[in-house]
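Undergrad: The amino acid sequence is not available; the structure is as follows:
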């Protein structure tokens, strides 16, 4: 039946009804419009269920992809105090060297070892020109020695080893560097050859050398309890009172009351060893004697000891199981007090007091991270990260308050010639420590491609929902 015929019949019916029932013209027009609309065919099913599911899945995937991308590619960023800047590289790579800040503002780097040899070369870093230059050559190549800035401005180099790297062979010889003439001269030799010892400048200008390993070959040696005093005025060595406990690979620091604190170490010539010490002792130059004080809370070897502005001593790290610990020694009570753990395991790291009194602790075996210890609050904060892993490197505070980190060993005990500078001013963003690998381009394409495909499909379905109007007989 044609649409026109239906309309004619409806009109006739409406007219007939109007004759019997009074219907306003407006109402009659609405009835006719309703009839026309009701005759239009229903649109195709819009597939709303599938459309909604596709859109929901796409949204969830997009949110998940964004979260995953941020967590793996960017890592949650944290605020670090200070920033790290590249510095010119030394002439050669070296580890187990010494670095000394000179009165003229330059830094003297001496000796050290490479993978297969011990170094006799020395270098000077000038922070004003940001350049390295030769400081001459040692009489004897040496590593694992000590360097002490004397009150006359010269640098005393004592002992160490000239055998193959990390071996036990030890030296009794000493040498003096004169910054005025940029030259080296032999000093009087110690009574006992030693390496892995400590040397501390006393208030009266003498140098106290403590412990270490005496070895005439690469394999066997003796851990020493002996100590010696060097007098720069007479260029001579005299025996000092022996330690109550023989030790090597320990740490020593001069206290504000002029005593010397010696902590940790081991009585074994080889590492690893089960005989790491928690013990500590004090040398009193006035009485020329040693006294045991309270032991540390943890046994430590290769730890760092740093004098704080309040005259306490911060001790950090260990080459054993206590590498994630730190504690403070208070000379007023001769006792040890726990502080929050740094949260990072460190051995053979560097630690220096900054001009603002905070302590920068950086690097170590397998580590690039750096931290600041705030002695006022007993808290740790991030100081960013070194550009490379550095163990047995050197750290020297420059005249402008920046810190020069030089050399050290990376992975596979390869020594670095590179250096970098820590600037304590300002802040920088650092990525949080994470073991997750960074996402690959393929992973990123999958993370965002699949949701985009689903969204495109849902858009196509939405476009297909409205169909042309048709009439049927």
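TA: That came through fine. All figures in this text were calculated on a predicted structure; none of them were measured in a lab. Numbering: from 1, shown residues only.

Undergrad: Pull up the pairing partners for the strand ranked longest in the chain, direction included.
TA: Longest strand in the chain by number of residues, with DSSP state E as the criterion: strand 419-431. Its sheet considered, strand 419-431 pairs with strand 77-87 (antiparallel), strand 403-406 (antiparallel) by DSSP bridges.

Undergrad: Could you point out the helix or strand that follows the longest one?
TA: To tie it back to what came earlier, the one meant is strand 77-87. Note on strand 77-87: by DSSP states H and E, the next helix or strand toward the C-terminus is strand 98-101.

Undergrad: Flag every buried residue along that following strand.
TA: Across strand 98-101, burial judged by 16 or more other C-beta atoms under 10 Å covers 98-101. Every C-beta, even on glycine, is put in place using the N, C-alpha and C of the backbone.

Undergrad: what's the pLDDT at residue 453?
TA: The model reports residue 453 with a pLDDT of 57.

Undergrad: Residue 358 now?
TA: 97.

Undergrad: Let's verify residue 412: helix, strand, or coil?
TA: Of the three states, residue 412 takes helix under DSSP: H, G, I helix; E, B strand; the rest coil.

Undergrad: Against residue 391, how distant is it?
TA: Per C-beta to C-beta, to the nearest Å, residue 412 is found 11 Å from residue 391.

Undergrad: and those two? which has more neighbours close in?
TA: residue 391 (24 against 6; other C-beta atoms under 10 Å).

Undergrad: That one contacts residue 362, correct?
TA: No. At 10.8 Å, residue 391 does not count as touching residue 362 under the criterion of C-beta atoms under 8 Å.

Undergrad: intersection of neighbour lists for these two?
TA: By C-beta atoms under 8 Å, 6 or more residues apart in numbering, residue 391 and residue 362 have these common neighbours: residue 349.

Undergrad: Would you tell me which one of the buried residues of strand 98-101 comes nearest to residue 355?
TA: residue 101 (12.2 Å; C-beta to C-beta).

Undergrad: what sits against that closest one?
TA: Listed by C-beta under 8 Å, 6+ apart, the contact set of residue 101 reads 107, 149, 396-398.

Undergrad: run the last query once more with 10 Å
TA: 107-108, 125, 127, 149, 155, 396-399, 404 (C-beta atoms under 10 Å, 6 or more residues apart in numbering).

Undergrad: what about the strands paired with strand 419-431, which gets the closest to residue 253?
TA: Among the strands paired with strand 419-431, strand 403-406 comes nearest to residue 253, with 18.1 Å by C-beta to C-beta.

Undergrad: Now the closest one: average pLDDT?
TA: The predicted model assigns strand 403-406 a mean pLDDT of 98.

Undergrad: same deal with stretch 310-330?
TA: pLDDT averaged over stretch 310-330 gives 96.

Undergrad: Residue 155: what's its closest spatial neighbour, skipping adjacent residues?
TA: Among residues not flanking residue 155 along the chain, residue 177 sits closest, at 4.3 Å (C-beta to C-beta, 6 or more residues apart in numbering).

Undergrad: The one you found: which element?
TA: Assigned by DSSP H and E, residue 177 falls in strand 174-178.
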